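1. when you get a sec, could you give me coordinates for this:
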Amino acid sequence: MSWVRKTGVSLVACGAVLCVAGAGTAAHGRVMARLEVARFRAQGGAASLWDAKRILAYEKTLGVQTVPTLAVLRVPGLGIEAPVLEGTSDAAMNRGVGHIEGSALPGESGNVGIAGHRDGFFRALKDVKVGELVELERKTGTGMERDEYKVERISVVDPTDVSVVGATKDATLTLVTCYPFYFVGTAPRRFVVQPKRTGSIPASSARSAKPRRSPAAPTQLAPVLARPARMVRFVRIPLTLLAAATSTHPSSATSPLRSA
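-> Model prediction:
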C-alpha cells in the first residue's frame, strides 16, 4: 500500500473516530440536560411547572454577574419567589423577573411594573385568585422591609394595551406575562395581575401566609439585597437568590407588553 493510500485510510479512520466521539459528546449533553431538568423539577412547588428550555436558560445564568437585585417578589400561596432585576433583558428575565423601565421602583408610590416568563417564574400565576397575598421585600436605609399587597384585578389584554403599566395614584403592583400560558409559539395576549398595597412591615417581623403550594426552594432573605450583584450556585432552583445579591418577554422601555 502506497504512502498516499495509507494516509487516506488514516484520515478516514480519524474522521470516523471524531464523528463517534462527537456523537457521544452530544448524546452525553442531552442526557445531562434531561437530568438537570429532572433535578430542578424534583424540588417541587412552582419549579415543577417550568418548561424544560426555560430551566436550562435559567441554569446558564447562574454564576454570571448581572445587575443588582431591586427586591424579592413572593406569592406565597402559589410558591412563587423571584428576584426582581432592573430591566427586561434576556439575562434578567432568565435569572428572575424584570422591573419594567419607566414604572415606579419597589417601595415608591405608584405602579410598580414587573414582567416575567410564562414558562418560568410566572407560570404559577395561572392559578392566581383575587385576594391573593403578594409580597415585595426590599432594602431600605434602615434594613429590610416587606410590602404586602392583595390582588384586586386579573385581566387579559392585547400587547398594545400599555395602559396597565401606566402611573397610578395608589401603591400598586402590575405583574405581566404572556398568555395563554401553554401557547406554542409567540403568545398573542398578555396576562395581567394587579395587587394593591395594604401595608409594610419590617422583614424581620414579617410572616408569610401558609402557601397552598410549597415554595420553590428554602430561602433566607436578608442577605440578598445587601450584597454585590453576583449569583452563586445554590440549590439549583429559582430561589435561593438570597445567597447572593443579587415564554415570553413582556416588556421593554418602548413597548412594555412586547412578546419574546
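
2. in this protein, what helix or strand scores lowest on average pLDDT?
-> Using mean pLDDT, DSSP states H and E, helix 3-42 stands out as the lowest-scoring helix or strand of the chain, at a mean of 48.

3. now the element after it, going C-ward?
-> Sequence order places helix 52-61 as the next helix or strand after helix 3-42, per DSSP states H and E.

4. other SSEs contacting that following helix?
-> Where contact means 3 or more Cβ pairs under 8 Å, 6 or more residues apart in numbering; DSSP states H and E, helix 52-61 is packed against helix 3-42, helix 90-95. Glycine gets a C-beta too; all of them are placed from N, C-alpha and C.

5. residue 160 falls within a helix, correct?
-> No: under DSSP: H, G, I helix; E, B strand; the rest coil, residue 160 sits outside any helix and is assigned coil.

6. that one: neighbouring residues, count only.
-> 10 (other Cβ atoms under 10 Å).

7. now do residue 154
-> By other Cβ under 10 Å, the residues close to residue 154 number 16.

8. could you do the one 3 residues further on as well?
-> Using other Cβ under 10 Å, the number of residues around residue 157 comes to 16.

9. for it, give me its contacts.
-> 164, 189-190, 192, 257 (Cβ atoms under 8 Å, 6 or more residues apart in numbering).

10. so how far is residue 196 from it?
-> 18 Å (Cβ to Cβ, to the nearest Å).

11. low pLDDT regions in the stretch 151-260 of the chain?
-> Applying pLDDT under 70 to the stretch 151-260 of the chain flags the ranges 204-260.

12. kindly recompute the last result at 50.
-> For the stretch 151-260 of the chain, the stretches flagged by pLDDT under 50 are 214-254, 260.

13. follow-up on the earlier one: narrow the contacts of residue 157 to those in strands?
-> Secondary structure defined by DSSP state E assigns 189-190, 192 of the contacts of residue 157 to strands.

14. top of those by neighbour count?
-> That'd be residue 190 among the ones in strands among the contacts of residue 157, by other Cβ under 10 Å, with 27 neighbours.

15. what bridges to that one?
-> Residue 190 has these beta-bridge partners by DSSP bridges: residue 157, residue 178.

16. was I right to think residue 79 contacts residue 124?
-> Yes: counting by Cβ atoms under 8 Å, residue 79 does reach residue 124; the two are 6.1 Å apart.

17. strands of the stretch 51-200 of the chain, start to end?
-> 69-75, 80-86, 97-99, 111-115, 133-140, 143-157, 172-179, 189-202 (DSSP state E, counting those that start in this stretch).

18. tell me which of these lies nearest to residue 48.
-> Across those, residue 48 has its closest neighbour in strand 80-86 (12.5 Å, Cβ to Cβ).

19. tell me what that closest one is packed against?
-> Going by 3+ Cβ pairs under 8 Å, 6+ apart, strand 80-86 lies up against strand 69-75, helix 90-95, strand 97-99.

20. for the second one, packing partners?
-> In other words, helix 90-95. Taking 3+ Cβ pairs under 8 Å, 6+ apart as the contact cut, helix 90-95 packs with helix 52-61, strand 80-86.

21. for it, list the C-alpha coordinates in CSV.
-> Coordinates of the C-alpha atoms in helix 90-95 are reproduced here as CSV (Å, rounded to 0.1, in the frame of the first residue of the first chain):
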residue,chain,number,x,y,z
ASP,A,90,-32.8,38.2,28.3
ALA,A,91,-30.3,37.8,31.1
ALA,A,92,-32.5,39.5,33.7
MET,A,93,-35.7,37.6,32.6
ASN,A,94,-33.9,34.2,32.7
ARG,A,95,-32.4,34.9,36.1
